[in-house]
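[1] A structural model of the following input is requested.
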Amino acid sequence: MEAIWPGSSSFSSGNTPYGFYDSDTHFSGSSAHSVDNFADWAAKRMGYPIVAVELQDVQFFTCYEEAITEYSAQVNQFNIRDNILSLQGQETGSGADKTNLTHRKVTPTIGRNIQLAEQYGTEAGVGGTVSWKTGSIEITSGSQEYDLNALWANVSESGDAIEIRKVFYEASPAITRYFDPYAGTGDGSYNMLDSFGWGNKSPGVSFMMMPMYADILKIQAIEFNDQIRKSAYSFELRNNKIRIFPNPESTYNLWFQYIVKKDRDTTLQGVTEGVITDVSNAPYNNMDFKEINDVGKQWIKKYGLALCKELLGTIRSKYASMPIPGAETTLDGDTLRNEATAEKEVLMTQLREMLEQTSRRALLEADKDEAQFLNEKLAKVPYPIYIG
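    Residues are numbered from 1 along each chain as shown. Okay, the predicted model is just below:
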């Protein structure tokens with residue numbers, strides 16, 4: 001005959017299956033929420049000593065340990081979900097250096113927004129995570145159309161598809177022709193090129209200081225002259241086939257910038273090992289029992305009691321009825337299990353609702369409402385009248 005609950009217990013390390021909290025004095029010591037006190041309370045809540053409770057002390061200890069880990073898991077799951085956007089990409093660490101975020105505040109960051117912005121930066125040509133490469137093809141006199149896939153992608157990128165981002169088709173900048181003695185520009189009576197550091201970049205012509213708008217107008221005149229009086233350099237690009245305008249009259253190299261399409265389209269950009277990726281490796285561990293407040297411990301006690309009822313119901317259900325002298329008695333195993341299931345569902349619903357009410361979104365909405373109510377209240381305060 002197995003021993004059943006004797007009315008008291010004395011916990012010692014190793015009495016729980018996993019030993020998560022055996023070394024925590026708030027769990028194993030003489031605190032109000034110790035495992036021994038829980039066992040005594042749970043047994044009395046199930047009818048002891050009026051009726052026998054067919055459980056041993058280690059089974060009470062097991063239910064209490066499970067209730068604590070369940071509470072810890074529910075709170076940690078909520079925190080992971082609430083913080084996962086800020087956690088992704090952070091280092092997890094390893095061994096003794098492994099980060100533990102349980103009972104720690106996580107500060108939201110905009111890192112994820114910046115990573116997304118980098119993708120737009122790639123398309124806008126102002127940064128991003130995809131490298132822009134440079135290439136060139138030889139333009140020959142009298143030939144206007146060139147296949148960049150055949151001439152460059154198949155040769156330099158092993159046939160990988162490329163996307164042209166910029167073609168350097170423009171004529172030389174107008175400023176390089178500003179000080180052109182043959183164009184009659186750069187009028188003046190003082191030779192000041194060397195003073196401006198332009199001595200090696202432009203012909204030595206007379207120069208006289210003029211208003212800045214005069215320089216801009218002259219540069220604009222050169223550009224308009226190229227565009228209207230001459231055939232301006234241009235191109236047409238379709239499916240990486242480029243058509244040059246005007247028809248080339250000499251041989252030269254045409255330079256362009258491009259990206260390899262697979263570099264942008266791959267979903268494995270920025271893959272890093274040893275970082276938080278999802279809920280499975282977010283470093284939230286079992287809570288320290290001593291760090292849980294009395295509100296949490298009260299939930300744990302009630303959930304632990306429901307687990308004890310469920311366990312006792314399972315034991316009593318093994319024998320639905322037992323013979324006694326001159327009669328037969330029916331055990332309440334099914335009733336206990338049904339009660340335990342209902343109590344667990346209620347407790348879990350209460351905990352999850354409470355956690356939802358403290359989510360970052362809910363708190364921001366509450367803060368917004370409070371600010372609106374305060375503004376409405378202050379709007380009704382009479383304004384003082386000052387008489388000077």
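[2] okay, CA-based contacts and neighbour counts for the rest of this
    Noted.
[3] all strands for the stretch 51-200 of the chain, in order.
    133-139, 145-147, 162-167 (DSSP state E, counting those that start in this stretch).
[4] what residues sit buried inside the last one?
    What that stands for is strand 162-167. 162-164, 167 (16 or more other CA atoms under 10 Å).
[5] given the biggest strand by length in the chain, what are its sheet partners and their directions?
    In the chain, assigned by DSSP state E, the strand with the most residues is strand 252-260. Sheet pairing of strand 252-260 (DSSP bridges) gives strand 133-139 (antiparallel), strand 162-167 (antiparallel).
[6] adding mean pLDDT and distance to Val155, write the ones you listed out as a markdown table.
    A markdown table is the format used below for the strands paired with strand 252-260 (pLDDT from 0 to 100; distance: least, CA to CA, whole Å):
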| stretch | mean pLDDT | distance to Val155 |
| --- | --- | --- |
| strand 133-139 | 94 | 11 |
| strand 162-167 | 93 | 12 |
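[7] in a markdown table: these, plus distance to Arg360.
    Listed next are the strands paired with strand 252-260 as a markdown table, based on distance: least, CA to CA, whole Å:
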| stretch | distance to Arg360 |
| --- | --- |
| strand 133-139 | 43 |
| strand 162-167 | 41 |
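[8] hmm, back to that, rounded mean pLDDT for the longest strand of the chain, please.
    For strand 252-260, mean pLDDT is 93.
[9] residues touching Met46, list them.
    53, 309 (CA atoms under 8 Å, 6 or more residues apart in numbering).
[10] pLDDT value on it, please?
    So, for Met46, pLDDT stands at 93.
[11] same thing with Asn149?
    93.
[12] residue contacts, it?
    Contacts of Asn149 (CA under 8 Å, 6+ apart): 159, 161-162, 240-241.
[13] let's see that with 7 Å instead.
    Asn240 (CA atoms under 7 Å, 6 or more residues apart in numbering).
[14] and stretch 79-90, which residues are buried?
    Quick answer for stretch 79-90 (16+ other CA under 10 Å): 79-80, 82-89.
[15] and these as CSV, adding distance to Leu363?
    Formatted as CSV, these follow (distance: CA to CA, whole Å):
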residue, distance to Leu363
Asn79, 14
Ile80, 17
Asp82, 12
Asn83, 14
Ile84, 17
Leu85, 17
Ser86, 17
Leu87, 20
Gln88, 22
Gly89, 25
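[16] now intersect those residues with the helices, please.
    79-80, 82-87 (DSSP state H).
[17] correct me, but Gln88 touches Glu273?
    No - the criterion here is CA atoms under 7 Å, and Gln88 misses it with Glu273 at 11.7 Å.
[18] show me where the stretch 101-250 of the chain has helices.
    Here the stretch 101-250 of the chain has its helices, by DSSP state H, counting those that start in this stretch, at 111-124, 148, 154-156, 212-224.
[19] do you know which of those lies nearest Leu331?
    helix 111-124 (58.4 Å; CA to CA).
[20] and that closest one, which residues are buried?
    118-119, 121-122.
[21] low-confidence ranges, the stretch 101-250 of the chain, go.
    179-210 (pLDDT under 70).
[22] on that earlier part again, in a markdown table: the strands of the stretch 51-200 of the chain, plus distance to Met354.
    What follows is the strands of the stretch 51-200 of the chain, written out as a markdown table (distance: least, CA to CA, whole Å):
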| stretch | distance to Met354 |
| --- | --- |
| strand 133-139 | 54 |
| strand 145-147 | 64 |
| strand 162-167 | 52 |
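[23] quick one, which of those strands is nearest to Ser13?
    Per CA to CA, nearest to Ser13 of the strands of the stretch 51-200 of the chain: strand 133-139, 64.8 Å.
[24] ok, residues contacting that closest one?
    Residues contacting strand 133-139 (CA under 7 Å, 6+ apart): 251-259.
[25] any idea how this protein splits into domains?
    25-107+282-379, 119-265 (automatic domain parsing).
[26] now those in JSON lines, please, with extra columns for distance to Asn15.
    As requested, these are exported to JSON lines (distance: least, CA to CA, whole Å):
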{"stretch": "domain 25-107+282-379", "distance to Asn15": "6"}
{"stretch": "domain 119-265", "distance to Asn15": "55"}
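[27] right, so of the strands paired with strand 252-260, which gets closest to Met212?
    strand 162-167 (30.4 Å).
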